[in-house]
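>>> Pasting the sequence and the predicted model now:
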Amino acid sequence: MTALATEPGTVRAEAARRRSIAVISHPDAGKSTLTEALALHARAIDQAGAVHGKGNRAGVVSDWLAMEQKRGISITSAALQFAYRDVVINLLDTPGHADFSEDTYRVLTAVDAAVMLLDAAKGLEPQTLKLFEVCRRRGVPVITFVNKWDRPGREALELCDELVDRIDLPPAPLTWPLGEAGRFTGLLDVETGAVRTYRKAPGGANLAEEEVLAPEQAGLEFGLDHAEAVDSAALLDPVDRDLFLAGRSTPLLFGAALANIGVRQLLDTIVDLAPAPGARPDVDDGERGVTQPFSGFVFKMQAGMDPAHHDHVAFVRVCSGRFERGMVLTHARTGRPFATKYALSVFGRDRATLEVAYPGDVVGLVNASTLAVGDSIYHPDGPAVQFPPMPTFAPEHFAVARVQDPGRSKQFRKGIAQLQQEGVVQVLVADELGDASPILAGVGPLQFEVADYRMEHEFSASLHLEPLQLSTARLVDAPDLPTVSAYPGTKVARRGDGTVLTLWRDIWHVRAFQRAHPQVALTPLVAGGD
Ligand code: GDP
């Protein structure tokens, strides 16, 4: 009897108790705080601050991380796993800075649901909207958590209206705050009518002490606040799991991540409503069921996580089967074997050897420089599988990269290829510049800074970057390319995947060209979807 023959039952059961989610938000809405609070509640870490190293906890700081610290940004993204009730939650972190939203889009391919975090004072912000659109396009169901209710903010019903008016996503409240933002007295459980009150625990512990009041008791104690909360929540539809899974409504919760208020209810919602990993579509219009032999895809590459080595970790979302460290897998793109001796679970900045993983889990594969973002891997005992390519992104910043010291050309090429493989920047080649002077393309200038830093420190091939006066790309049918390249101020360049992009100074030039050549179809690249 082979191990594989005994597996389907276990794999099915393990998959069923996985919830793999990401938190999406505009910077400063409280994503890091919420991540820590979720883990704290689930007792995965015993002191908030351990996940992102924001506290005083002594951590290993590599050269690479020094740049993050200097800039006050978080580039590395962590996959955090913890148990809650009888479920294993995989919480995939997403970078906070909008310049790295391409990374966030990739993370969203690897989760089964998302938590949209809103700042009570700000509601839907630009980055939230962008990320929400990606969830909608990819069919990722969204739970909404309104954060910072301990501070003055907007009215709860007004925030609900905003969800309907701006993103056509009716909220279905599970909890409702007693008292307006900043004058918070407790959380109503909409279904039962009970109210949970919170008191800061003695001794500065982060977990607030909770007390549950039955509906009548809450009514007596909180009077008008209670009645108003009950009435307001009743104006909205109750949760319907099918509508939520179909992306047509969002379960809504209120709280304050910093004070650990409402976090438990969010965890319960993740367990009760978020979907377990299911069959995943492949490129051949088929699907890979969770009980089939191991398969997964790389959704993120991370370099330099270990300061002692310039190593590359490929983060793989397990789609089917049981992963066991040491398995020799097949790399779908090359057909070559890939050994998994060094498999990790990556917990914030900490890493531990990972022996076994199931659908929905994230495996960090070390020394994975042959893997690229979007690559599929599978166990050779099962059928081959190729998962859909990673969504690429509409770049808005472009710069020609040249090596400062021509004696370092070889390292330059190697480094650029590596950055492309990891998806740090897109690398385009224009005929007139050739591949010795590739065009780096990105959604934000910080991506170039990362590329520049890594080329200098990791490949000893310092860059000379020449920004181009271009800000948008369009797809054009091949026969029309000569017309576009003849137009002043445009460039034509080829992406690594063979796609030819036309690059434009700005939208006004696109429109002017379009007026002059209405017969030429210029197709925008869709963020997170093309
Ligand atoms: P991120 O950029 O989304 O990861 O946001 P952070 O978690 O770093 O939080 C941004 C700021 O908001 C920090 O100063 C947090 O302490 C603060 N913050 C987060 N959650 C809450 C909350 O529930 N209430 C209050 N008052 N502040 C919060």
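Received, thanks.
>>> so who does the spatially closest residue to Gly179 that is not a sequence neighbour touch?
Once flanking residues are discounted, Gly179 sits nearest to Thr185: 4.6 Å by C-beta to C-beta, 6 or more residues apart in numbering. (Glycine included, C-beta is placed from N, CA and C.) Contact analysis of Thr185 by C-beta atoms under 8 Å, 6 or more residues apart in numbering lists Leu178, Gly179, Thr197, Phe222, Asp225.
>>> Can you pull out the low-pLDDT segments for the stretch 101-250 of the chain?
Scanning the stretch 101-250 of the chain for pLDDT under 70 picks out the ranges 200-208.
>>> and it, which residues reach the ligand?
By C-beta under 6 Å from any ligand atom, the residues of the stretch 101-250 of the chain that approach the ligand are Asn147, Lys148, Asp150, Arg151.
>>> and this structure, which of its residues are near the ligand?
25, 27-33, 96, 147-148, 150-151, 256-258.
>>> In the stretch 401-530 of the chain, mark out all the strands, start to finish.
Applying DSSP state E, counting those that start in this stretch to the stretch 401-530 of the chain gives strands spanning 426-429, 439-442, 463-467, 472-476, 491-495, 500-504, 522-524.
>>> What helices and strands are in contact with the fourth one?
Taking 3 or more C-beta pairs under 8 Å, 6 or more residues apart in numbering; DSSP states H and E as the contact definition, the neighbouring helices and strands of strand 472-476 are strand 500-504, helix 507-516, strand 522-524.
>>> how far off strand 500-504 does the second one point, in degrees?
Interaxial angle, helix 507-516 versus strand 500-504 (axes from the mean of the first three to the mean of the last three C-alpha atoms, to 10 degrees): 110 degrees.
>>> Make 32 the first number, not 1, from now on.
Yep, numbering from 32; the last one is helix 538-547 now.
>>> for helix 538-547, packing partners?
Helix 538-547 packs on strand 503-507, strand 553-555, going by 3+ C-beta pairs under 8 Å, 6+ apart.
>>> Format these as CSV; extra columns: mean neighbour count and mean pLDDT.
Output for those, formatted as CSV (neighbours: other C-beta atoms under 10 Å; pLDDT from 0 to 100):
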stretch, mean neighbour count, mean pLDDT
strand 503-507, 20, 94
strand 553-555, 15, 89
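>>> wait, is Ala430 part of a helix?
No. With DSSP: H, G, I helix; E, B strand; the rest coil as the criterion, Ala430 is strand rather than part of a helix.
>>> what residue ranges in the chain score low on pLDDT?
Applying pLDDT under 70 to the chain picks out residues 32-38, 74-109, 127-128, 231-239, 335-341, 377-382, 557-561.
>>> let's see it at 50
32-37, 77-96, 99, 102-108, 559-561 (pLDDT under 50).
>>> so is the residue at the greatest distance from the centre of it in a helix, a strand, or just coil?
Distance from the C-alpha centroid of the chain, by C-alpha atoms, centre = their mean, peaks at Leu251 (43.8 Å). At Leu251 the chain is in helix, as set by three-state DSSP.
>>> now swap in Pro39 and tell me
Three-state call for Pro39 (three-state DSSP): helix.
>>> give me the number of residues near it?
Using other C-beta atoms under 10 Å, Pro39 is surrounded by 16 other residues.
>>> residues contacting it?
Neighbour list for Pro39: Thr322 [criterion: C-beta under 8 Å, 6+ apart].
>>> where's it relative to Ala334, distance?
To Ala334, Pro39 is 37 Å away according to C-beta to C-beta, to the nearest Å.
>>> May I have the beta-bridge partners of the nearest residue to Asp462 once chain neighbours are set aside?
Setting aside the residues directly before and after it, Asp462 is nearest to Val523 in space (C-beta to C-beta, 6+ apart), at 7.4 Å. Assessed by DSSP bridges, Val523 has beta-bridge partners Thr533.
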